[in-house]
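Undergrad: Quick one: sequence and predicted model below, then my questions.
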Amino acid sequence: MTRVAFDIDDSLWKIDRKHARQVPDYDLIGVLRWFFNNGDQVFVWSAGGVDYAQMIVDKLGLTDMVKVIPKGKFGNKQLDIDLTFDDDKFEQIGKVNVVIRRDEKI
Ligand SMILES: [Mg+2]
């Protein structure tokens, strides 16, 4: 079982700078759902805190698929996460870390 973690802001919950709002990234949510349906353990975190992350998880309809955890600190691998998806290139706390590109133009 793979332990995979997803970030909220500018990851699952994209910042739409042009329209000053946030919108779901349905492609990445699809990736999350794939891992869940594959039987993997899916975590979500946010620098905005656990309560904020849980609120967005609930809003996106992912409540029963994920466990919200506190966001790790740089260099902290104690969570033993195999794979992360995060727009923060300094959040390299998984064994493999996918840095999500921020589109500054949208
Ligand atoms: Mg982020």
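TA: That came in fine, so what should we check first? Numbers count the residues shown, from 1 in each chain.
Undergrad: Quickly check: stretch 93-104 near the ion or not.
TA: No. Counting by Cβ under 5 Å from the ion, the ion is not contacted by stretch 93-104; separation bottoms out at 7.7 Å. For the C-beta atoms, the positions are set from N, CA and C on the backbone; glycine is no exception.
Undergrad: Distance from the chain centre to that stretch, please.
TA: Distance, stretch centre to chain centre, for stretch 93-104: 10 Å (Cα atoms, centre = their mean, to the nearest Å).
Undergrad: Kindly report the same for stretch 43-50.
TA: Worked out by Cα atoms, centre = their mean, stretch 43-50 lies 8 Å from the chain centre.
Undergrad: same deal with stretch 49-63?
TA: 11 Å.
Undergrad: which residues does residue 9 bridge with?
TA: Note on residue 9: beta-bridge partners by DSSP bridges are residue 13.
Undergrad: which strands and helices sit next to the longest helix seen in the chain?
TA: Longest helix of the chain, by residue count under DSSP state H: helix 26-37. Applying 3 or more Cβ pairs under 8 Å, 6 or more residues apart in numbering; DSSP states H and E, one finds that helix 26-37 contacts strand 3-7, strand 41-45.
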